[in-house]
Every structure is written in C-alpha cells, then in structure tokens.
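Student: just coords:
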C-alpha cells in the first residue's frame, strides 16, 4: 500500500479531498501540518494540495514556501522523491523553486471555477503514464492566479525536455485561452520528472456523478 | 530608518491588473494614459543605523521573499 503525505498549511482547503482521493485509490495517507520538520517515515509521494495558504498574502504560495516542512519536501524531491502540487500547491512549488516559472493573476482577473478540458501534452512521466498523448481530459479548475509565466529560454527548455504536462484545450484538444498562461500551459514537471504541478484539480474528478472520473488515471500514475 | 520596497512585474510580463485599471480609466474618459502598471509597496521600519548594511539586508529580503524575481523587479529606497 502506497503511503502518501499530504501537507496542510493555514488556509489549505483541499487536504481532505486529496486524502479522500488517495484513500479511494487504495493508499495510506497522512496529513502533515506545515510546522513539522520531517515527513512521515516511508512516504512515497508528497502532495501539496490546493487552497489559500496564508490567505495568498504577498503572492500565492510565497509565505508557505518558508514553512518548516518545505525543507523536508525539498530534500525529499532532491533525492528523487515524487511530489505533486495541485493549484495552490503548484504555486508553492514554483515559489520554492522546485518547478520552473511562476503563476500570475488570471488575464481576466476573475476567479474561474468550472470544468475544463485539458490536453495531455506529454505522457513520458510517471504522473501521466496512464493517459494517452493528446488525450483530452475533463478536470475542474478553481483559481485566480493560474496564469503560468516562463521566459522564452525557460519555455524552450520545457519543450525540449517534455516537461509540459497538460494544456487548457477544447473538446478536440485545440488549445484555448483560459487564464493567459504561456501557450495555455496548465501543468509542468521538473527536468528530472519527479516533481509535478498543475492548476486543475484531479482529486475532484473521481466520480462520474460529480461530472468526471478523469482524475483517476492521473493520480493512479503516481501510485502505480 | 525606513526602507520602501516597490515591486512591479517585469517589463514584458503582461500585467492584467494594470491593464484592467487602464481600461477603467479609458471608460471614465480620462485621456492621455499610455500605460498602467500596478505594483505593491512594502514599507519596513528598521532598527539598523548603517545605510549600507540596511540596504544589503533589505536586498536579501527582496530576493528571498518580497519579490518573485522570475516575474517581478523591485527597487529599494531608504529614508
């Protein structure tokens, strides 16, 4: 049974959804308060869930990056451990430098909360290994600061290393502008492909009755 | 001593809030506004008495947390 550590900061609000999701997929989970300085022994995946850590003060994810637990997460990631950041978790992972780029205010300034199609750009990584390349997924988004920015050199590197995970798209997989992200990027991974971040919420797409179960094959990749 | 840190999105990084303000000004018939950039100002009251030391310290703060240098530039003013 895979052991998943789920971080909790003041203002995190997707910790229990994430716990529910990974337990539904057969994992053991532990919620880890941000003041802890060690991850639970035997953690095989660390998830930084969504929410509004520290009320998004200063910048989304800016304050959370200095919580004691993040030192342990950096060490875990640098030793090859798998880390997934969802929404605010993605913002925290870019702030702390585990993922390239940054997330700015949405181009239309609105908080966007709805289902959104995503096109799988690369599946040459553990996270999306169960998805087909160019497959179109239906996953909820809920964010105000999801406008992914990376400079030109950084973008070229992302492309060359197949680090772009998913793009916002229509039902046919054509890219669409949702929040102003560079080339509609919705999620990326690091060069070593062990740290993943995305704005959409796969943990909210596990049951058809709630609109989609496309999140299952995303999360399953990390616990295969 | 007081340090004033001004933080703005870098030139070339689209500023959605600045753009919205610009649109609003246009809609209100204010003329002659060519561009609007929105930033934030952080005012730090320091116990330091040495200017150079204070500047170095605030620069470190700006680099490490106050600004995200991937997308933002900052200026420091000591008064």
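Tutor: The structure has been received and is ready for your questions. Since this is a predicted model, take the numbers as computed values, not measurements. Numbers count the residues shown, from 1 in each chain, chains lettered A, B, ... in the order given.
Student: can you map out the strands along the chain?
Tutor: You didn't say which chain, so I picked chain A. A:3-8, A:28-33, A:45-48, A:82-86, A:102-104, A:112-120, A:136-143, A:147-149, A:164-169, A:185-189, A:195-198 (DSSP state E).
Student: hm, I was asking about chain B
Tutor: Using DSSP E, strands in chain B cover B:2-9, B:39-45, B:72-78.
Student: same for the last one, what does it pack against?
Tutor: What it means is strand B:72-78. Under the contact definition 3 or more C-beta pairs under 8 Å, 6 or more residues apart in numbering or on different chains; DSSP states H and E, strand B:72-78 sits against strand B:2-9, helix B:51-61. Quick note: C-beta positions are derived from backbone N, CA and C, even for glycine.
Student: burial count for residue B:66?
Tutor: 22 (other C-beta atoms under 10 Å in any protein chain shown).
Student: Please tell me how far it sits from chain A.
Tutor: Separation of residue B:66 from chain A (C-beta to the nearest C-beta, to the nearest Å): 7 Å.
Student: Test my guess that that residue contacts residue B:74.
Tutor: Yes: counting by C-beta atoms under 8 Å, residue B:66 touches residue B:74, with 6.7 Å between them.
Student: which residues are common contacts for the two?
Tutor: B:5, B:7 (C-beta atoms under 8 Å, 6 or more residues apart in numbering or on different chains).
Student: ok, back up a step: return the most buried member of the helices and strands packed on strand B:72-78.
Tutor: Burial of those is given as mean neighbour count (mean count of other C-beta atoms under 10 Å in any protein chain shown); strand B:2-9 ranks first at a mean of 17.
Student: which strands and helices sit next to that strand?
Tutor: Judged by 3+ C-beta pairs under 8 Å, 6+ apart, the packing partners of strand B:2-9 are strand B:39-45, helix B:51-61, strand B:72-78.
Student: Other residues contacting it?
Tutor: Contacts of strand B:2-9 (C-beta under 8 Å, 6+ apart): A:104, B:15, B:18, B:37-46, B:54-55, B:58, B:61-62, B:66-67, B:71-79.
Student: Mark which of these are buried, thanks.
Tutor: A:104, B:15, B:18, B:39, B:42, B:44, B:54-55, B:58, B:61-62, B:66-67, B:71-72, B:74, B:76 (16 or more other C-beta atoms under 10 Å in any protein chain shown).
Student: Can you report how many residues lie near the residue nearest to residue A:151 when sequence neighbours are not counted?
Tutor: Closest residue to residue A:151 apart from its sequence neighbours, by C-beta to C-beta, 6 or more residues apart in numbering or on different chains: residue B:70 at 8.0 Å. By the criterion of other C-beta under 10 Å, residue B:70 has 19 neighbours.
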